[in-house]
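A.B. asks: Compute the structure for the input listed below.
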Amino acid sequence: MSFNLVDDSNKNEATRILAEAFHDDPVLNWSLNNPQKLEPFFEFILPVYIKHQLTYLDAQGRGAACWLGPDQKIKWPLNFASISKVFKFGGAKGIWRMLMSGLKIEKNHPSAPHYYLFLIGVSPASKGQGIGTSLISHVLKMCDDQGVAAYLENSKEENLPFYEGHGFKVQKQIRFAASAPPLWLMWREPAGSEK
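C.D. replies: Reported below is the predicted structural model:
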């Protein structure tokens with residue numbers, strides 16, 4: 001399967017796919033205070049990841065994935081304009097929950113070198129066709145070739161078998177608050193590793 005890097009020419013397509021894929025995501029919807037639409041959230045965050053060249057779509061536009069490499073760091077544009085955008089789709093409660101979620105994710109993020117799968121999603125009409133496997137395998141092959149681990153936060157219990165089938169193991173389960181749904185922190189050693 002071939003992939004296209006996400007850039008300004010196709011980021012709207014990536015936004016649409018991810019908004020469709022995450023429409024019923026319990027953790028994301030809780031964190032954003034149950035917005036009417038998820039597109040504004042993905043319009044806000046995708047540009048921060050795109051520049052790292054590990055955000056891609058399958059060539060037919062059915063799925064998207066967003067990673068960070070071992071030496072890549074996110075620099076959030078914390079200014080009045082970005083906070084205003086977050087307020088528009090989540091309100092004051094959404095801003096508070098996003099900050100709380102971000103701090104807890106950062107606190108639990110592993111320090112060992114790894115590829116970080118931030119997002120992976122397949123449009124609902126394309127589920128069950130192996131697209132998710134192709135999307136995740138694209139970078140997991142790099143992990144294995146380079147001898148580098150991979151990490152993700154899984155927000156849906158029903159997705160655990162998918163990630164476990166690709167070698168990820170649950171390290172911990174957390175919640176951002178008592179009212180928040182669970183989040184599973186998952187780690188994958190590269191193939192052939194003795195760990």
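A.B. asks: okay, which residue is most central for this structure?
C.D. replies: residue 119 (1.9 Å; C-alpha atoms, centre = their mean).
A.B. asks: what stretches of this protein score poorly on pLDDT?
C.D. replies: Applying pLDDT under 70 to the chain picks out residues 1, 76-83, 193-195.
A.B. asks: any idea how far the residue lying closest to residue 146 once chain neighbours are set aside is from residue 54?
C.D. replies: Excluding its sequence neighbours, the residue lying closest to residue 146 (C-beta to C-beta, 6 or more residues apart in numbering) is residue 190, at 7.4 Å. Where you see a C-beta, it was placed from the backbone N, CA and C, and this is true even at glycine. Look at residue 190 and residue 54: by C-beta to C-beta, to the nearest Å, they are 17 Å apart.
A.B. asks: More neighbours: which of these two?
C.D. replies: Set residue 190 next to residue 54 and count neighbours by other C-beta atoms under 10 Å: residue 54 wins out with 22 against 19.
A.B. asks: Spit out the contact partners of that one.
C.D. replies: Shown in contact with residue 54 (C-beta atoms under 8 Å, 6 or more residues apart in numbering): 66, 67, 68, 69, 72, 115, 139.
A.B. asks: ok, of those residues, which come out buried?
C.D. replies: Buried subset of these (neighbour count, 16 or more other C-beta atoms under 10 Å): 66, 67, 68, 69, 115, 139.
A.B. asks: and the third one, what does it touch?
C.D. replies: The neighbours of residue 68, taking C-beta under 8 Å, 6+ apart as the test, are 49, 52, 54, 74, 115, 116, 118.
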